[in-house]
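Colleague: Return a 3D structure for these sequence lines:
(one chain, ligands or ions: 2)
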Amino acid sequence: MAQLLSNTCSIQSVVPESYIMPPERRPGQHVVPSCNTIPVIDLDGNRNELIQEIMKASQEYGFFQLINHGVSEELMKDVMVVAKEFFDLPVEEKERFYSEDPNQTCRLKTSADFAKEKVHFWRDNLRHPCHPLEENLQQWPENPARYREVFGSYSVEVRNLGLQILDLICEGLGLEPGYFEGGLTQSQMMISINHYPPCPDPTLVLGLPKHGDPYTLTLLNQGDVPGLQVLKDEQWVAVKPLPNAFVVNINHMLQIISNGKLKSADHRVVVSSNVARTTIASFIHPSKDVLIEPAKSLVSEANPPLYKCFTFEDFIRTYIIDTHEGKDPLECLMIRS
Ligand code: OGA
Ligand code: NI
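Modeller: Ligands and ions are numbered 1, 2, ... in the order given. Below you'll find the predicted structure:
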C-alpha cells in the first residue's frame with residue numbers, strides 16, 4: 001500500500017521530494033486576506049429573498065456559506081469526530097479499504113497512488129456512495145464503532161438539504177419545477193472525507209490542487225480549521241470557517257446546465273505546519289449515463305448554447321486527466337462560434 005500520510009507524517013521532518021510543487025503552483029508565503037470572503041446565507045429566511053441571494057452568490061462566486069440549514073450542531077460535530085477517529089486508526093485497520101481501482105465502492109486513497117500524477121498532494125481521502133443508504137451501508141467502515149450510524153444519519157440529512165438548495169436554484173434559473181430530479185440527482189450522493197495532516201513546510205505543498213468539482217453540487221463541512229481558498233477575479237480568497245456552516249459550491253454540471261450563468265469556481269486547499277485538518281465533502285452526483293447539456297429553456301438565438309451535449313461518464317474520464325495536467329476540463333466541451 002502506498003504510504004498513508006496520516007500514519008507517516010508525524011515522523012517526517014522534511015517534505016519528501018515527490019510532494020514538492022513546482023514554484024509556480026506553490027501556495028507561497030503571502031497571506032490571503034480572510035476579511036474578503038464568500039457570501040453567508042441564512043436558510044431560515046424569506047423564500048424569494050433566499051433565491052435571490054443564492055443566485056447572486058452562485059453567479060459572482062460560485063460559492064457561499066449556509067447557516068441555519070437545519071442539520072443539527074450535534075450531528076455536524078459528531079460526524080467530524082468519527083471522521084477524525086477513522087484517520088487516527090492504526091494502518092492495519094485502514095488498509096483494507098485501500099485500492100487503486102476507482103470502481104471499488106468504499107475506497108481509501110492517498111495522493112501518491114496515481115502513477116501518472118507528477119506531484120503528490122498532502123491529503124489522505126476516504127470516499128463512498130451513500131444513496132440509497134441500505135444498498136451502501138454494508139461497504140462502509142465498521143470501525144470506528146459509530147461510523148455507520150453517524151454517517152448514515154448525516155448523509156440522509158445532507159442529501160435532503162442539497163436537494164432543497166437545488167430546488168431554490170431551479171426556481172432562480174426559471175427552469176420547470178423538478179428539473180433537477182431524476183438522473184441529475186437521484187442516483188447518488190458521494191461522501192468524501194479529506195484528511196490533511198500537519199506538514200513540515202506548508203509553503204511547498206498543496207492539500208488539493210486548483211480544481212473545480214465535476215458533479216452537481218457540493219456541501220462541505222470544513223470543521224474549524226482554515227485551509228480552503230476560492231479563486232475570485234484571479235485572486236485567492238480564504239474561506240473562513242464559520243461554526244456549523246456548510247460551504248456550498250456550484251459544480252461543473254450546474255455551470256453547463258445553466259449555460260454559464262452559474263459559476264463552478266476553482267478552489268484549492270493549503271495545509272498547516274501544526275494542526276491536522278479534516279473535512280467532509282458531500283457531492284450530489286448525476287448518474288453515469290445522464291445526458292448533460294444547457295437547459296433548452298435557457299438557450300435561444302440570442303443566447304446560444306455554450307456547451308456540447310455529453311454523458312456524465314464521458315466527461316468524468318477526461319476530467320481526471322485534464323485536472324492532473326492543469327488543463328481546464330470544460331474547454332473541450334465549449335462550442336466555438
Ligand atoms: C474537495 C474539496 C475542500 C476542503 O474535496 O473537492 O475541494 O477544504 N475540498 O477540503
Ligand atoms: Ni473541491
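Colleague: isn't L50 right next to I41, touching?
Modeller: Yes. Taking contacts as CB atoms under 8 Å, L50 lies within contact range of I41: 7.0 Å. Yep, even glycine has a C-beta here, placed from its N, CA and C like the rest.
Colleague: Show me which of these two is the more surrounded one.
Modeller: Higher neighbour count among L50 and I41: I41, with 22 against 18, using other CB atoms under 10 Å.
Colleague: can you pull out the strands in the stretch 101-250 of the chain?
Modeller: Taking DSSP state E, counting those that start in this stretch as the test, the strands found in the stretch 101-250 of the chain are 107-110, 124-129, 188-196, 208-211, 217-221, 228-232, 235-238, 246-250.
Colleague: Could you dump those into TSV and include distance to ligand 1?
Modeller: Below are these laid out as TSV (distance: least, CB to the nearest ligand atom, whole Å):
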stretch	distance to ligand 1
strand 107-110	12
strand 124-129	8
strand 188-196	4
strand 208-211	5
strand 217-221	6
strand 228-232	4
strand 235-238	11
strand 246-250	7
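Colleague: could you dump the ones you listed to TSV with mean neighbour count?
Modeller: Formatted as TSV, the strands of the stretch 101-250 of the chain follow (neighbours: other CB atoms under 10 Å):
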stretch	mean neighbour count
strand 107-110	21
strand 124-129	21
strand 188-196	23
strand 208-211	18
strand 217-221	24
strand 228-232	21
strand 235-238	18
strand 246-250	25
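Colleague: rank those by mean pLDDT and give me the bottom one.
Modeller: Ranked by mean pLDDT, those bottom out at strand 107-110, with a mean of 81.
Colleague: packing partners for it?
Modeller: Secondary-structure packing of strand 107-110 (3 or more CB pairs under 8 Å, 6 or more residues apart in numbering; DSSP states H and E): strand 124-129.
Colleague: gap between the strand it packs on and the chain center?
Modeller: Distance, stretch centre to chain centre, for strand 124-129: 11 Å (CA atoms, centre = their mean, to the nearest Å).
Colleague: With distance to I257 as extra columns, can I get the strands of the stretch 101-250 of the chain in a markdown table?
Modeller: Converted to a markdown table, the strands of the stretch 101-250 of the chain look like this (distance: least, CB to CB, whole Å):
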| stretch | distance to I257 |
| --- | --- |
| strand 107-110 | 28 |
| strand 124-129 | 22 |
| strand 188-196 | 17 |
| strand 208-211 | 19 |
| strand 217-221 | 11 |
| strand 228-232 | 21 |
| strand 235-238 | 25 |
| strand 246-250 | 10 |
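Colleague: wait, isn't V275 in contact with P198?
Modeller: Yes. If you go by CB under 8 Å, V275 and P198 touch, sitting 6.1 Å apart.
Colleague: Compare the two (neighbour count), which wins?
Modeller: P198 (17 against 13).
Colleague: Could you tell me what pLDDT the model assigned to S18?
Modeller: Reading off the model, S18 has pLDDT 87.
Colleague: Look up the closest residue to it, ignoring the ones flanking it.
Modeller: Nearest residue to S18, sequence neighbours excluded (CB to CB, 6 or more residues apart in numbering): H120, at 5.2 Å.
Colleague: Tell me how far the one you found lies from M21.
Modeller: According to CB to CB, to the nearest Å, H120 stands 10 Å off from M21.
Colleague: more neighbours, these two?
Modeller: Neighbour tally, H120 and M21, criterion other CB under 10 Å: the higher count belongs to H120, 22 against 19.
Colleague: What residues does the stretch 101-250 of the chain have near ligand 1?
Modeller: Neighbours of ligand 1 within the stretch 101-250 of the chain, by CB under 6 Å from any ligand atom: 192, 194, 208, 213, 220, 222, 227-228.
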